[in-house]
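J.: got a sequence here, can you model it:
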Amino acid sequence: MIKYFYLHLFYTKKRTIFILGFIIWIGLMTLMIYTDEPIFEQRLYEIQNQIYYQEMMKNLLLMLCPFFVVLITIDHDQQHIKPMISYIGRQSIALSKLIFYFLILTWLFSMFFMIYHILPFYITAYYTYSSSSIILFLNLYLDGIMTTLMVFILIKDKHKAFAILIALFYVLANWLIEDHPNLTLFYLFPQFSSLFLTINLAYYYKLCYICLGLTIYFYQINFETL
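T.: The predicted structure is shown next:
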């Protein structure tokens, strides 16, 4: 079943869209971090340049990642999957779908993580590895899981165009939280932000939020009409 989902996702026009998406991502990164400053100046202001790079890439990732996740998951409820329920079972298909999409998310954020470190290493003289990026990508990965579950629960095949609203909600909510820290908005959708880092139990709350999403999804699957 997982292989079936893989063939449906990557042997369609989406493969071209994925490639274009990564090219755009690399192009934006290059434009943001490329500098014609001499090497000695880059190294002289190494700390400032490093902080600038981390902040710029964090903002760029927070804007692009939800759209990548929505692009991957938007076709999760295709009609050709429905007849298989009679042969394989609802729970088996739901579990296979979750495993497949979580694996794809792991691959996607691993690619982002590698590009995040490799590209500046070769085109700048100031870049040095920082372990803080692990925290950033861990939170982005958890946010990707939350976004995926929201798409699974709220978006069906007939209305899949509305999936883009979930990505827009993620981006707009992040801007609102950054400009005007709001705990109510954070409790509604505990995405990564500067406010998130100040809350002691934020990670536990996010994990509980994901578990709640999984529970709702499996409950919904049991009562979904074919």
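J.: what sits against the spatially most central residue of the chain?
T.: Central residue of the chain (Cα atoms, centre = their mean): residue 144, 3.6 Å from the mean position. Residue 144 makes contact with 65, 66, 69, 105, 108, 109, according to Cβ atoms under 8 Å, 6 or more residues apart in numbering. The C-beta positions use only the backbone N, C-alpha and C, and glycine is treated the same way.
J.: between those residues, identify the one with the most neighbours.
T.: The most neighbours of any of those, using other Cβ atoms under 10 Å, belong to residue 69, which has 28 neighbours.
J.: hmm, that one is touching residue 147, no?
T.: Yes: taking contacts as Cβ atoms under 8 Å, residue 69 lies within contact range of residue 147: 4.7 Å.
J.: so for the two, which residues contact both of them?
T.: By Cβ under 8 Å, 6+ apart, the residues touching both residue 69 and residue 147 are residue 167.
J.: relative to residue 128, how far out is residue 43?
T.: Residue 43 is 10 Å from residue 128, where distance means Cβ to Cβ, to the nearest Å.
J.: equivalent analysis for residue 172, please.
T.: Counting by Cβ to Cβ, the gap from residue 172 to residue 128 is 33 Å.
J.: can you give me the strands in this structure?
T.: Under the criterion DSSP state E, the chain carries no strands.
J.: how about the helices in it?
T.: Assigned by DSSP state H, the chain shows helices spanning 2-10, 14-33, 39-44, 46-73, 85-88, 90-123, 132-154, 163-179, 183-188, 202-222.
J.: mind putting these in TSV, distance to residue 195 included?
T.: Formatted as TSV, these follow (distance: least, Cβ to Cβ, whole Å):
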stretch	distance to residue 195
helix 2-10	34
helix 14-33	24
helix 39-44	32
helix 46-73	13
helix 85-88	41
helix 90-123	22
helix 132-154	12
helix 163-179	5
helix 183-188	6
helix 202-222	9
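J.: Serialize those to CSV and add fields for mean pLDDT.
T.: Listed next are the helices of the chain as CSV, based on pLDDT from 0 to 100:
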stretch, mean pLDDT
helix 2-10, 60
helix 14-33, 81
helix 39-44, 78
helix 46-73, 87
helix 85-88, 69
helix 90-123, 86
helix 132-154, 90
helix 163-179, 87
helix 183-188, 83
helix 202-222, 88
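J.: those helices: which one's closest to residue 194?
T.: helix 163-179 (6.2 Å; Cβ to Cβ).
J.: who's in contact with the closest one?
T.: With Cβ under 8 Å, 6+ apart as the test, helix 163-179 has contacts from 62-63, 66-67, 69-70, 73-74, 143, 147, 150-151, 154-155, 182, 185-186, 188-189, 191-195.
J.: quick check on these: which are buried?
T.: Buried residues within the contacts of helix 163-179, defined by neighbour count using 16 or more other Cβ atoms under 10 Å: 62, 66-67, 69-70, 73-74, 143, 147, 150-151, 155, 185-186, 189, 191-193, 195.
J.: how about the nearest residue to residue 186, chain neighbours excluded?
T.: Distances taken as Cβ to Cβ, 6 or more residues apart in numbering place residue 195 nearest to residue 186, at 5.9 Å, with adjacent residues excluded.
J.: quick one: stretch 160-167 to chain centroid distance?
T.: From the chain centre to the centre of stretch 160-167 is a distance of 14 Å (Cα atoms, centre = their mean, to the nearest Å).
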